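Asker: Build me a structure from this.
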Amino acid sequence: MKTGKTLKFRDRLGEWLYFFNHAHEENEETMGTHYENPVIRRAFTAREALSDDEKERLLAEKREESLMNERYELAAARRKEIAASLLNEGMSPERVMKKVSGGIS
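Answerer: Model (predicted):
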């Protein structure tokens, strides 16, 4: 990436797209020269602050993983409830498996 020279973009969308694709390559020096849009410069500063705090990033990843696991567990529990109900109504185990696994019977 060239430094010391403002990049020329056809429009603001182009400038934002370039930023999203290259933000990981930017530093304070290139931000000051590549971008004219002050909002993009603020976005870069915010991105740097968020990515610099390793502990916060790891905590956010753990929270997201925990939420995904919780959704999976709730869906599995719901499928078990449905299967038990269908078996109690006399449906064959084969048809129950198709129903709870998304198949059509």
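Asker: Check which residues of stretch 76-96 are buried.
Answerer: By 16 or more other CB atoms under 10 Å, the buried positions in stretch 76-96 come out as Ala83, Leu86, Met91, Val96. Bear in mind the C-beta positions are built from the backbone N, C-alpha and C, glycine included.
Asker: And the residue nearest the centre of this protein?
Answerer: The centre of the chain sits closest to Glu64, judged by CA atoms, centre = their mean, with a distance of 9.3 Å.
Asker: per-residue confidence for it?
Answerer: Note on Glu64: pLDDT of 90.
Asker: now the buried residues of stretch 76-96 in a markdown table, with secondary structure, distance to His22 and pLDDT?
Answerer: As requested, the buried residues of stretch 76-96 are exported to a markdown table (DSSP: H, G, I helix; E, B strand; the rest coil; distance: CB to CB, whole Å; pLDDT from 0 to 100):
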| residue | secondary structure | distance to His22 | pLDDT |
| --- | --- | --- | --- |
| Ala83 | helix | 50 | 94 |
| Leu86 | helix | 53 | 94 |
| Met91 | coil | 56 | 95 |
| Val96 | helix | 52 | 93 |
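Asker: Going by distance to Tyr72, which of the residues you listed wins?
Answerer: The closest of the buried residues of stretch 76-96 to Tyr72 turns out to be Ala83 (CB to CB; 16.4 Å).
Asker: Now for this structure, the helix or strand with the poorest mean pLDDT.
Answerer: helix 28-34 (a mean of 75; mean pLDDT, DSSP states H and E).
Asker: Counting by contacts, list what that helix packs against.
Answerer: helix 38-52 (3 or more CB pairs under 8 Å, 6 or more residues apart in numbering; DSSP states H and E).
Asker: now the helix it packs on: how far from the chain's centre is it?
Answerer: 18 Å (CA atoms, centre = their mean, to the nearest Å).
Asker: Same check on stretch 37-45?
Answerer: Distance, centroid of stretch 37-45 to centroid of chain: 21 Å (CA atoms, centre = their mean).
Asker: what does stretch 33-43 give?
Answerer: Chain-centre distance of stretch 33-43: 24 Å, with CA atoms, centre = their mean.
Asker: Also stretch 83-97?
Answerer: 37 Å.
Asker: Determine how far the last residue of it lies from the first.
Answerer: 8 Å (CA to CA, to the nearest Å).
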